[in-house]
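J.: I'll drop the sequence and a predicted model, then ask my questions.
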Amino acid sequence: MRKNNLLEQKIIETAQGIFSRLGFKKTTMDDIARAVFKAKSSLYHYFKNKEEIFRAVVEKEAQMMKKEIEQALAREESPINRLKAYAKSRIKALHRLANFYHTFREGYFESYGFIQKIRQDYDQYEIKTIKTILEEGVKAGIFDVKDLDLTSEAIIMAIKGYEYIWAVSPDINKIEGDIDRLFNILFYGILKR
């Protein structure tokens, strides 16, 4: 890695911590420059402004989240366990990736086109991932799904519905239990048999 790339990565990593601690609005270029022990003008050599640094941070966290989810999915064989692993690894990653989480929750990011693009790309990734798992389950004779697209979207919406509660909860065991119960409803329904 070139020396310049090392400084750019250091800026992104340092800014990641500052943004998660202070938030996007309160973080300044001066804060980031002080934390990397460089003059503010050095930051402008790599990034035009604070928004561009934040974009790099959020893109990095999105990639980290995808990697963690994919690793969790690779450890599971059954489609049932893969769906649960998806939800559990997703919420664990959100606990650690504060900036990525806040870009999805905070309304004031609506005016930033790059945030909208990241959100759309990530939504498509989630739906595609869930749809792939459902397709595997249908092929294996485990799931009976008539509309893969609608079912994928419904699962994502159910997970997102609990996202805030799970993201602020310190009890990961309770969250995992909630996820298991949510998927039990999905798999077995609410009808008495």
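T.: Yep, it's here.
J.: which residues touch residue 28?
T.: For residue 28, the contacting residues are residue 50, by CB atoms under 8 Å, 6 or more residues apart in numbering. Quick note: C-beta positions are derived from backbone N, CA and C, even for glycine.
J.: I'd like the next helix or strand past the lowest-mean-pLDDT helix or strand in the chain.
T.: Using mean pLDDT, DSSP states H and E, helix 98-105 stands out as the lowest-scoring helix or strand of the chain, at a mean of 58. Sequence order places helix 113-139 as the next helix or strand after helix 98-105, per DSSP states H and E.
J.: quick one: distance of that following helix to the chain centre.
T.: How far helix 113-139 lies from its chain's middle: 11 Å, per CA atoms, centre = their mean, to the nearest Å.
J.: stretch 157-168 too?
T.: 12 Å.
J.: what of stretch 17-37?
T.: 21 Å.
J.: let's see it as PDB, backbone CA atoms only.
T.: C-alpha atoms of stretch 17-37 as PDB (Å, rounded to 0.1, in the frame of the first residue of the first chain):
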ATOM      1  CA  GLY A  17     -14.700   6.800  15.600                       C
ATOM      2  CA  ILE A  18     -15.300  10.600  15.800                       C
ATOM      3  CA  PHE A  19     -18.500  10.400  13.800                       C
ATOM      4  CA  SER A  20     -19.800   7.600  15.900                       C
ATOM      5  CA  ARG A  21     -19.000   9.500  19.100                       C
ATOM      6  CA  LEU A  22     -20.000  13.000  18.100                       C
ATOM      7  CA  GLY A  23     -22.400  12.400  15.300                       C
ATOM      8  CA  PHE A  24     -22.200  13.800  11.800                       C
ATOM      9  CA  LYS A  25     -23.500  17.300  12.500                       C
ATOM     10  CA  LYS A  26     -21.200  18.000  15.400                       C
ATOM     11  CA  THR A  27     -18.000  16.600  13.900                       C
ATOM     12  CA  THR A  28     -15.700  19.100  12.200                       C
ATOM     13  CA  MET A  29     -12.800  18.800   9.800                       C
ATOM     14  CA  ASP A  30     -10.700  20.300  12.700                       C
ATOM     15  CA  ASP A  31     -11.700  17.400  14.900                       C
ATOM     16  CA  ILE A  32     -10.600  14.900  12.400                       C
ATOM     17  CA  ALA A  33      -7.400  16.800  11.500                       C
ATOM     18  CA  ARG A  34      -6.400  17.000  15.200                       C
ATOM     19  CA  ALA A  35      -7.100  13.300  15.700                       C
ATOM     20  CA  VAL A  36      -4.800  12.200  12.800                       C
ATOM     21  CA  PHE A  37      -2.200  14.800  13.900                       C
END
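J.: sounds good, over and out.
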